[in-house]
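J.: Any chance you can model this:
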Amino acid sequence: MNNKFKISAVVPTKNRLYDLLEFIDSLIIQHFLPYELIVVDQSDKSHFTKIQKKLASINISLNYFHRTDISSLAEAKTFAISVTKGNYICFLEDDIVLDANFFAALVEGFKHEKKMIGCCGRITNMPRTSNLFILFQSLFFKGIFNDPRLKIFNNKKPLFLIQCDAINGGITMWKKSVFEREKIDIVNGFFMMEDVEYSTRIAKIFPGSLFVNYRATVIHKISPINRLDFDLRQGNKIKEAILFYKKRKKWKGANYGLFLVLVWWTLNAIFESIKRQTIKPVTEHIKGLIMGYKTKLIK
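T.: Alright, predicted model coming up:
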């Protein structure tokens, strides 16, 4: 065990046993093994025995918690942080498959970039985004943080580390000490944007400290279990985006950033409705707007 990189791998999960077991299959073949696996299981019943059996062949400490009282990803992460024994924490989704070099690549990145305090890996099976979409996305997200992820994920050049102020929560590794400085928001109901909400706060405090590690790759299976349909997700994202900018109202450019985001997502909802010949994208968009402006921010 490399004590300098004593990694606690954290996986919140709920009713996705077979996805979780496939994830563990990819964990046990890692060239660099984490020190411990922490599973925060919000499932209807415990899956401890099956998980323990999967890990029997390797030297990873399993800390399993069956917690049906935990109701959100942010809460599950916060609880996991309180019980970790490592000096690095890697948050992972339960429906991903890790490349065998995933942890080795993350460690290589932290060794290479001394100012890094957090990073995320790269999903290799994302559908290619059109250049037109990237153009409009970059135009309307010229708000208060740097987010070149769409451009990065489409890039076929042999990249390594790319500075980015917003990183993907389900494939991230952090120095544990950062959570002593800033806590994850568990009171404002961030469900889809909890990773962006947290990482952009950290980027504000520690500029230039977050990166995308292009070599740390995973496949995201996008399990349909516990996942809202596309239009409901977009509506929820609008609500959370409004809360996100409410929380940053004193940041330079926040109001302008929110305006651009809402214009872009409104146009996108209209386009989706026309393309699919259904009013649902627009109606869910409007519901998200109403909920976002009606919801009071808890400080």
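
J.: quick one: the strands in the stretch 151-299 of the chain?
T.: Along the stretch 151-299 of the chain, the stretches classed as strands by DSSP state E, counting those that start in this stretch are 161-163, 171-175, 210-220.

J.: Please name every helix or strand in contact with the first one.
T.: Read it as strand 161-163. Other elements packing on strand 161-163 under the criterion 3 or more C-beta pairs under 8 Å, 6 or more residues apart in numbering; DSSP states H and E are strand 210-220. C-betas here are computed from N, CA, C, even on glycine.

J.: who are the neighbours in contact with K183?
T.: T78 (C-beta atoms under 8 Å, 6 or more residues apart in numbering).

J.: And the pLDDT for it?
T.: If you check K183, the pLDDT there is 96.

J.: if I look at it, how far off is Y198?
T.: According to C-beta to C-beta, to the nearest Å, K183 and Y198 sit 9 Å apart.

J.: can you redo the strands of the stretch 151-299 of the chain as CSV with mean pLDDT, mean neighbour count and distance to Y245?
T.: CSV is the format used below for the strands of the stretch 151-299 of the chain (pLDDT from 0 to 100; neighbours: other C-beta atoms under 10 Å; distance: least, C-beta to C-beta, whole Å):
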stretch, mean pLDDT, mean neighbour count, distance to Y245
strand 161-163, 93, 17, 22
strand 171-175, 97, 23, 22
strand 210-220, 95, 22, 19
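
J.: Kindly reformat those as TSV containing distance to V83.
T.: TSV is the format used below for those (distance: least, C-beta to C-beta, whole Å):
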stretch	distance to V83
strand 161-163	30
strand 171-175	15
strand 210-220	24
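
J.: so which of those strands comes closest to C119?
T.: strand 210-220 (4.5 Å; C-beta to C-beta).

J.: now for that closest one, which elements pack on it?
T.: By 3+ C-beta pairs under 8 Å, 6+ apart, strand 210-220 packs against strand 96-98, helix 102-112, strand 118-123, helix 149-154, strand 161-163, helix 194-205.

J.: quick one: which of these is nearest W174?
T.: Per C-beta to C-beta, nearest to W174 of the helices and strands packed on strand 210-220: strand 118-123, 4.4 Å.

J.: any chance you could map the helices in this protein?
T.: 17-27, 48-54, 73-83, 102-112, 131-140, 149-154, 178-181, 194-205, 230-247, 254-276, 280-294 (DSSP state H).

J.: Please produce CSV containing the ones you listed, extended by mean neighbour count and distance to K221.
T.: Formatted as CSV, these follow (neighbours: other C-beta atoms under 10 Å; distance: least, C-beta to C-beta, whole Å):
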stretch, mean neighbour count, distance to K221
helix 17-27, 18, 6
helix 48-54, 14, 17
helix 73-83, 19, 17
helix 102-112, 19, 15
helix 131-140, 13, 23
helix 149-154, 16, 17
helix 178-181, 14, 28
helix 194-205, 20, 18
helix 230-247, 20, 17
helix 254-276, 16, 24
helix 280-294, 18, 25
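
J.: Endpoints of stretch 210-228, how far apart?
T.: Using C-alpha to C-alpha, to the nearest Å, the end-to-end distance of stretch 210-228 comes to 29 Å.

J.: distance between that stretch and the chain's centre?
T.: 8 Å (C-alpha atoms, centre = their mean, to the nearest Å).

J.: try stretch 24-40
T.: Relative to where its chain is centred, stretch 24-40 has its mean C-alpha point 18 Å off (C-alpha atoms, centre = their mean).

J.: returning to what we had before: of the strands of the stretch 151-299 of the chain, which approaches K53 most closely?
T.: Closest among the strands of the stretch 151-299 of the chain, using C-beta to C-beta: strand 210-220, at 23.5 Å.

J.: circling back to that earlier point, ok, which of the helices of the chain comes nearest L92?
T.: Smallest distance to L92 across the helices of the chain (C-beta to C-beta): 7.2 Å, for helix 17-27.

J.: list the helices and strands that closest one packs on?
T.: Against helix 17-27 (3+ C-beta pairs under 8 Å, 6+ apart) you get strand 7-13, strand 36-41, helix 48-54, strand 96-98.

J.: Next, format the helices of the chain as TSV and append distance to A216.
T.: TSV is the format used below for the helices of the chain (distance: least, C-beta to C-beta, whole Å):
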stretch	distance to A216
helix 17-27	13
helix 48-54	22
helix 73-83	19
helix 102-112	4
helix 131-140	22
helix 149-154	12
helix 178-181	18
helix 194-205	16
helix 230-247	25
helix 254-276	28
helix 280-294	32
